[in-house]
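In: sequence-free structure coming up:
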């Protein structure tokens with residue numbers, strides 16, 4: 001099968017030349033490469049001159065947006081398999097990367113490739129547990145349902161025939177989630193590949209992390225609203241898969257549920273709800289809400305908090321062994337009680353805003 005590789009770029013990327021060299025040196029010969037650059041910088045233009053004879057470059061002087069740029073590039077491609085890679089990933093020591101993708105997609109319609117975070121500081125260590133949870137959930141879907149409800153678009157492949165049947169990428173914030181859900185509803189075969197992997201660049205400071213997660217949060221919230229009935233229907237149909245998956249992605253969700261359980265007083269529930277609601281207007285309320293939740297849980301429900309943490313610790317440890325991810329107890333402690341609460345709060349506030357039809361604005365993002 002011929003493989004068309006697509007790498008979208010906004011202005012430039014520090015990892016672009018590295019991944020380009022890896023793809024060009026890959027032992028799979030029947031391939032074509034498309035690099036789509038919106039508003040190319042001088043750095044990008046130098047790369048274009050260097051690789052012009054080997055790569056198909058599509059340069060957009062004005063920002064077209066990731067979704068539109070990729071959909072248009074697919075129309076120009078001749079591959080049977082479409083391999084999508086973000087510009088901020090690099091291949092992790094695999095000379096037969098594309099060959100492995102082709103081998104696995106023969107018995108599937110779309111495949112997701114294992115992703116790990118490039119560890120640069122303590123924040124990226126915490127982000128790595130996020131990536132482990134996303135990857136483990138899709139590994140679980142692959143092993144049980146052979147379908148998925150969402151993919152991570154940083155590295156995945158899909159048969160061109162399937163891509164066109166699903167209508168390509170939707171013009172939404174989280175186009176990869178929509179593509180995954182459409183494949184689920186149309187019963188397309190899904191497979192998770194863990195024998196090859198890419199390394200993903202993660203935000204290096206909290207400001208960049210909040211900016212990224214704000215976009216992810218809104219994207220997930222809109223996806224949730226659009227597919228609410230389908231998600232509810234399939235959760236009732238496959239509760240043994242979807243409910244544990246939700247808890248695995250958001251481990252602190254168990255503690256939030258505990259806050260609104262009969263064990264917590266009515267006034268405490270109202271207090272937490274109001275703080276989360278205020279956080280939809282003023283982001284400074286997010287840490288206040290988180291602080292209240294943590295204090296209530298730890299002081300009043302210590303035993304349940306401990307059981308929830310211990311259960312998550314064991315599950316994440318098992319997942320790390322299955323998929324060969326790094327795991328440190330002291331890092332997971334901070335991830336569980338602080339990081340995951342912040343991420344969950346962003347999701348909750350995003351969902352509230354979306355369901356209240358509040359106006360959503362994203363800086364420096366176009367789809």
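Out: Cool, the structure landed. If you're wondering where the values come from, they're calculated on a predicted model, not measured in any experiment. Numbers count the residues shown, from 1 in each chain.
In: can you map out the strands along this protein?
Out: In the chain, the strands defined using DSSP state E lie at 3-10, 31-38, 56-60, 81-85, 89-91, 110-117, 155-159, 190-200.
In: I'd like these as JSON lines, with mean neighbour count and mean pLDDT appended.
Out: To be clear about C-beta, it is placed using only N, CA and C from the backbone, and glycine gets the same treatment. Shown next, in JSON lines, are these (neighbours: other Cβ atoms under 10 Å; pLDDT from 0 to 100):
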{"stretch": "strand 3-10", "mean neighbour count": "24", "mean pLDDT": "95"}
{"stretch": "strand 31-38", "mean neighbour count": "22", "mean pLDDT": "95"}
{"stretch": "strand 56-60", "mean neighbour count": "17", "mean pLDDT": "93"}
{"stretch": "strand 81-85", "mean neighbour count": "25", "mean pLDDT": "97"}
{"stretch": "strand 89-91", "mean neighbour count": "21", "mean pLDDT": "92"}
{"stretch": "strand 110-117", "mean neighbour count": "24", "mean pLDDT": "96"}
{"stretch": "strand 155-159", "mean neighbour count": "25", "mean pLDDT": "96"}
{"stretch": "strand 190-200", "mean neighbour count": "20", "mean pLDDT": "95"}
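In: export the ones you listed to CSV and tack on distance to residue 343?
Out: Putting the strands of the chain into CSV (distance: least, Cβ to Cβ, whole Å) gives the following:
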stretch, distance to residue 343
strand 3-10, 24
strand 31-38, 28
strand 56-60, 33
strand 81-85, 25
strand 89-91, 21
strand 110-117, 14
strand 155-159, 21
strand 190-200, 16
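In: Those: which one's closest to residue 307?
Out: The minimum distance between residue 307 and those falls on strand 110-117, with 28.7 Å, by Cβ to Cβ.
In: Run the angle between that closest one and strand 190-200 for me.
Out: Put simply, strand 110-117 runs at 30 degrees to strand 190-200, going by axes from the mean of the first three to the mean of the last three Cα atoms, to 10 degrees.
In: by contact count, what packs against strand 110-117?
Out: With contacts defined as 3 or more Cβ pairs under 8 Å, 6 or more residues apart in numbering; DSSP states H and E, the packing partners of strand 110-117 are helix 97-105, helix 122-144, strand 155-159, strand 190-200.
In: Helix 122-144 and the third one, what's the angle between them?
Out: So the one you mean is strand 155-159. Inter-element angle recorded for strand 155-159 and helix 122-144: 30 degrees (by the same axes, to 10 degrees).
In: I am finished for the moment; much appreciated.
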